[in-house]
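Asks: next one to model:
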Amino acid sequence: MQPLDGRKQAIAHCEMFAAWQPALAEAPIGDFSGSHRSTAAFCEVAPPNGDYARDIVLAAFERGVPVRTRAQGHSLNASSLPAQGELLLRTERMRRLRFDAPGTVTAGSGIVLWVLQAVLRAHGFDLPVLNDGYPGPSVGGYVCAGGFGPESARHGGIWDNVTAITLVDGRGQLRRLDAGDEAFPWLFGSMGQLGVIAEATLSIIPLQGAAPRPYPLGKTVTLPPMTPVANVPAQYARGENERLFWFTLFVPDGGEDRAHEELLALEQRHASALRFAERYRYHIRHHGRVAPLVYPEACSFTATGAWGWLGDSSPAALRKLFEFDGDFMALATGTPGYRRYVQSELPAGPAVYERCFGAATYARFRELKAAFDPGSILNRGSVFPGP
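Replies: Numbers count the residues shown, from 1 in each chain. Next up is the predicted model:
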């Protein structure tokens with residue numbers, strides 16, 4: 001029997017998953033880098049909650065259909081783009097918010113963090129940790145990337161500010177992992193390899209400078225999707241044909257000055273790779289929890305790095321960009337105490353992640369992958385070799 005072509009496969013998947021109102025996409029989609037495109041035709045589903053997601057993944061597991069998960073598509077490495085024969089599961093409709101217990105909020109994985117922050121502030125509360133820059137990541141995407149932000153110097157990373165996560169594993173089982181679970185810290189930076197995140201219970205704090213407000217216990221609301229941002233801050237404005245790339249280096253606290261010297265040398269050596277911007281610096285305080293896929297040492301550390309805009313997408317320009325990335329990778333993996341924030345950046349593939357995580361961490365991550373996703377149907381081939 002001849003294999004089905006891409007469009008026929010996509011149609012077959014739409015018929016197979018008809019109970020969950022699938023849509024047939026017949027044009028490729030891209031990622032934030034603008035350098036990658038998905039397969040031309042694919043079937044996509046957008047469950048509104050974890051129960052629907054559980055049923056979809058269970059059906060996919062039983063039928064051996066690989067599933068690609070996509071939230072806001074804010075990465076540079078094509079990890080959220082469906083390949084031929086994959087079902088795309090979008091989390092954008094998982095936008096239910098619940099106030100279940102004082103000091104926390106339980107948020108659907110598809111809620112954009114900046115939208116969540118706006119709603120919380122209207123109630124007199126705030127998120128301890130939020131991404132800087134663009135209003136890109138969703139709750140689930142921020143967990144899967146292992147996010148941090150300007151307030152991480154006080155509150156740590158997102159892994160320090162989540163008390164529970166509900167996800168659908170690769171067998172279609174809905175699982176709640178609390179902070180004390182052995183696998184819990186491995187969800188942060190896991191890139192969707194261990195499950196489809198349905199919701200997360202986040203810590204919240206009183207809004208600074210606002211009058212105290214009562215906690216709205218029992219309140220439930222479905223948040224709106226993200227609306228386009230009318231005014232991008234000037235420091236993030238881009239030229240008409242420019243694309244943004246970033247290269248983040250984690251270093252032990254106190255080592256950022258040396259790292260900046262090394263990054264400056266890289267930028268000077270590759271001056272034509274990007275229109276480089278001023279290097280950033282985020283201190284990330286250690287609060288007792290280690291997210292092994294983000295930074296494996298039990299200490300505070302700093303995120304710094306190089307970033308800038310690519311104005312030319314010609315093969316020669318892209319070659320220069322990847323040459324810079326190669327030297328950046330050598331710096332990140334060749335210096336004790338350094339770590340690359342590889343989850344949302346250009347390089348991808350099993351060899352890349354094993355190099356960045358180290359053999360022992362990668363091996364443990366692979367064991368968890370086998371336990372949570374024994375059929376390797378979730379985001380196949382991105383981090384681990386396919387079956």
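
Asks: so Trp163, which of the three states?
Replies: If you look again at residue 163, you'll see it is Thr, not Trp. strand (DSSP: H, G, I helix; E, B strand; the rest coil).

Asks: surely it is in contact with Ile204?
Replies: No - between Thr163 and Ile204 there is no contact, the gap being 10.7 Å when judged by Cβ atoms under 8 Å. Quick note: C-beta positions are derived from backbone N, CA and C, even for glycine.

Asks: Pro224: neighbour count?
Replies: For Pro224, the neighbour count with other Cβ atoms under 10 Å is 12.

Asks: now it: how far from Trp114?
Replies: Distance of Pro224 to Trp114, computed by Cβ to Cβ, to the nearest Å: 12 Å.

Asks: tally of neighbours for Ala179?
Replies: A total of 14 residues lie near Ala179 under the criterion other Cβ under 10 Å.

Asks: list the contacts for it?
Replies: Val162, Thr163, Ala164, Arg289 (Cβ atoms under 8 Å, 6 or more residues apart in numbering).

Asks: can you put the residues you listed in CSV and add distance to Pro347, pLDDT and neighbour count?
Replies: Formatted as CSV, the contacts of Ala179 follow (distance: Cβ to Cβ, whole Å; pLDDT from 0 to 100; neighbours: other Cβ atoms under 10 Å):
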residue, distance to Pro347, pLDDT, neighbour count
Val162, 27, 98, 25
Thr163, 32, 98, 16
Ala164, 32, 98, 18
Arg289, 27, 96, 16
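
Asks: mind giving me a markdown table with those residues and columns for distance to Leu331?
Replies: Compiled in a markdown table, the contacts of Ala179 are given as follows (distance: Cβ to Cβ, whole Å):
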| residue | distance to Leu331 |
| --- | --- |
| Val162 | 31 |
| Thr163 | 36 |
| Ala164 | 37 |
| Arg289 | 27 |
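
Asks: now, among the residues you listed, which is nearest to Pro150?
Replies: Distances from the contacts of Ala179 to Pro150 were compared by Cβ to Cβ; the smallest belongs to Val162, at 18.1 Å.

Asks: how about the closest one, what does it touch?
Replies: Under the criterion of Cβ under 8 Å, 6+ apart, the contact list for Val162 reads Val143, Ala179, Phe188, Ala200, Thr201, Leu202, Ser203.

Asks: filter those residues down to the buried ones.
Replies: With neighbours counted by 16 or more other Cβ atoms under 10 Å, the contacts of Val162 contain buried members at Val143, Phe188, Ala200, Thr201, Leu202, Ser203.

Asks: among those, which ones are in helices?
Replies: Mapping the buried ones among the contacts of Val162 onto helices (DSSP state H) picks out Val143.

Asks: which one of the contacts of Ala179 is nearest Ala25?
Replies: Closest to Ala25 out of these is Val162 (31.8 Å), distances taken as Cβ to Cβ.

Asks: distance check, the closest one against Thr333.
Replies: Here Val162 is placed at a distance of 28 Å from Thr333 (Cβ to Cβ).

Asks: over to Arg275?
Replies: Counting by Cβ to Cβ, the gap from Arg275 to Thr333 is 26 Å.

Asks: so which of these two has more stuff around it?
Replies: Neighbours were tallied for Arg275 and for Thr333 using other Cβ under 10 Å; the higher tally belongs to Thr333 (16 against 13).

Asks: closest one to Glu151 out of the contacts of Ala179, please.
Replies: For these, the residue nearest Glu151 by Cβ to Cβ is Val162; the value is 14.8 Å.

Asks: in the sheet, who's paired with that closest one?
Replies: The partner list for Val162 in beta bridges (DSSP bridges) reads Leu202.

Asks: the protein: helices as residue ranges?
Replies: Per DSSP H, the chain has helices spanning 6-16, 50-63, 113-122, 139-145, 152-155, 256-269, 315-334, 350-357, 359-372. These are given in chain order.

Asks: which residues make contact with the second one from outside it?
Replies: Same thing as helix 50-63. Residues external to helix 50-63 that are found in contact with it (Cβ under 8 Å, 6+ apart): 16-17, 19-20, 45, 47, 65-67, 87, 89, 91, 94, 166-174, 196, 198-199, 375, 377-378.

Asks: list the buried residues in it.
Replies: Residues of helix 50-63 classed as buried: Gly50, Tyr52, Ala53, Arg54, Asp55, Ile56, Val57, Leu58, Ala59, Ala60, Phe61 (neighbour count, 16+ other Cβ under 10 Å).

Asks: mind putting these in a markdown table, pLDDT included?
Replies: Below are those laid out as a markdown table (pLDDT from 0 to 100):
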| residue | pLDDT |
| --- | --- |
| Gly50 | 97 |
| Tyr52 | 98 |
| Ala53 | 98 |
| Arg54 | 98 |
| Asp55 | 98 |
| Ile56 | 98 |
| Val57 | 98 |
| Leu58 | 98 |
| Ala59 | 98 |
| Ala60 | 98 |
| Phe61 | 98 |
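
Asks: identify, from those, the entry nearest to Ala40.
Replies: Taking Cβ to Cβ as the measure, Ala40 sits nearest to Ala60 out of the buried residues of helix 50-63, at 20.9 Å.

Asks: distance of the closest one from Pro22?
Replies: As judged by Cβ to Cβ, Ala60 and Pro22 stand 12 Å apart.

Asks: just Pro347 next, same as before
Replies: Plainly put, Pro347 is 32 Å away from Pro22 if you go by Cβ to Cβ.

Asks: repeat for Pro216
Replies: Taking Cβ to Cβ, one finds Pro216 at 36 Å from Pro22.

Asks: same check, this time on Ala317
Replies: 38 Å.

Asks: tell me who's in contact with the residue lying closest to Trp20 once chain neighbours are set aside.
Replies: Setting aside the residues directly before and after it, Trp20 is nearest to Val45 in space (Cβ to Cβ, 6 or more residues apart in numbering), at 4.9 Å. Residues touching Val45, when contacts are defined by Cβ under 8 Å, 6+ apart, comprise Phe17, Trp20, Gln21, Pro22, Ala23, Ile56, Leu87, Leu88, Leu89, Arg90.
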